[in-house]
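Colleague: how does the following fold in three dimensions:
(2 chains)
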Amino acid sequence: MKYPKYQYRSEELFLFYEFNSEGPKGLIKKIVEYTATSTENVYNLGFGDYDETTQRINDLSITNNGDSLKILATVASTVYAFTEKYPKAWIFATGSTAARTRLYRMGITNNLVEISADFVVFGYNEEGIWEEFIIGKNYEAFLLTKKDNKFVV
Amino acid sequence: MTIDQLNKSKVPIIVLDKKLEKLRGKVLFPKKLKKANEILTKTGLPKTKK
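Modeller: Prediction:
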């Protein structure tokens, strides 16, 4: 994505990523997690605020730290890192609310040319079918994988 | 690496942090994982050309 992004940290398996949102509300720790699903090679992308005190995640919080594009770009950047480590992986993503899912859709739409250079993106439509992402259409969830994988499943 | 270089790179430089290993094996987003599994079980992966 062409937006600025935060530098982030990961662990050896590249399944967890952590970075700090910086803005008027201060430093807010964010966690991105890739979890294996029940389908081989498909990972769920989870993302939210990490509360150090309670050691819990909040994926419903609205931070209002004035950096939502930067955060989205950082999360997108972890997709590149993750698929470098797991090139055959498919990544499933959906928002924790309908509004968040729309935000993801906007993020994909605004960067589709760049994303499509490396990945193929699918949307889960209202008929319950995966289709290649169409700009302007509503989706409940998204899947993406490296373009090289599209024809080998 | 400068912030400018970081912002221009597509594949990022990763800083490893051993503290994150404490999260290994945990599922931080169980509701999303459940939803992913439900959709994948019901619909599978997109139909792709061989």
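Colleague: low-confidence regions, chain B specifically.
Modeller: Under the criterion pLDDT under 70, the flagged ranges of chain B are B:1-11, B:48-50.
Colleague: in it, what residue lies closest to chain A?
Modeller: Chain B approaches chain A most closely through residue B:29 (3.0 Å), counting by CB to the nearest CB. Just so you know, the C-beta spots here come from the backbone N, C-alpha and C atoms, and that holds for glycine as well.
Colleague: residues near that residue, how many?
Modeller: 22 (other CB atoms under 10 Å in any protein chain shown).
Colleague: so for stretch A:125-139, what's the average pLDDT?
Modeller: In this model, stretch A:125-139 has a mean pLDDT of 95.
Colleague: kindly apply the preceding question to stretch A:3-23 instead.
Modeller: Here the average pLDDT along stretch A:3-23 is 92.
Colleague: got the buried residues for it?
Modeller: A:3, A:5-11, A:14-19, A:21 (16 or more other CB atoms under 10 Å in any protein chain shown).
Colleague: ok, now stretch A:138-153?
Modeller: Buried, per 16+ other CB under 10 Å, within stretch A:138-153: A:139, A:141, A:142, A:143, A:144, A:145, A:146, A:149.
Colleague: now do the helices in chain A.
Modeller: Per DSSP state H, chain A has helices spanning A:68-85, A:98-110, A:112-116. These are given in chain order.
Colleague: is the spatially closest residue to residue B:15 that is not a sequence neighbour bridged to anything, and to what?
Modeller: The shortest distance from residue B:15 to any non-neighbouring residue, by CB to CB, 6 or more residues apart in numbering or on different chains, is to residue A:9 (4.6 Å). Beta bridges link residue A:9 to residue A:18, residue B:15, judged by DSSP bridges.
Colleague: for residue A:28, same thing?
Modeller: residue A:21.
Colleague: tally of neighbours for it?
Modeller: 19.
Colleague: so it touches residue A:18, yeah?
Modeller: No - look at residue A:28 against residue A:18 with CB atoms under 8 Å: they stay out of range, at 11.4 Å.
Colleague: centre of the chain to stretch B:26-43, how far?
Modeller: 13 Å (CA atoms, centre = their mean, to the nearest Å).
Colleague: residue contacts, the residue of chain B closest to chain A?
Modeller: A:33, A:35, A:44, A:46, A:47, A:48, A:57, A:59 (CB atoms under 8 Å, 6 or more residues apart in numbering or on different chains).
Colleague: and the closest residue to the third one other than its chain neighbours, which helix or strand is it part of?
Modeller: This means residue A:44. Nearest residue to residue A:44 in three dimensions, chain neighbours excluded: residue B:36, at 4.2 Å (CB to CB, 6+ apart). In this structure, residue B:36 is located in helix B:30-43 according to DSSP states H and E.
Colleague: low-confidence ranges in chain A?
Modeller: A:1-2, A:63, A:150-153.
Colleague: and residue 14, what does it touch?
Modeller: All of this is about chain A. A:34, A:81, A:82, A:84, A:85, A:86, B:14.
Colleague: switch to chain B, please.
Modeller: Contacts for residue B:14 (CB under 8 Å, 6+ apart) come out as A:8, A:9, A:10, A:14, A:81.
Colleague: great, nothing more from me.
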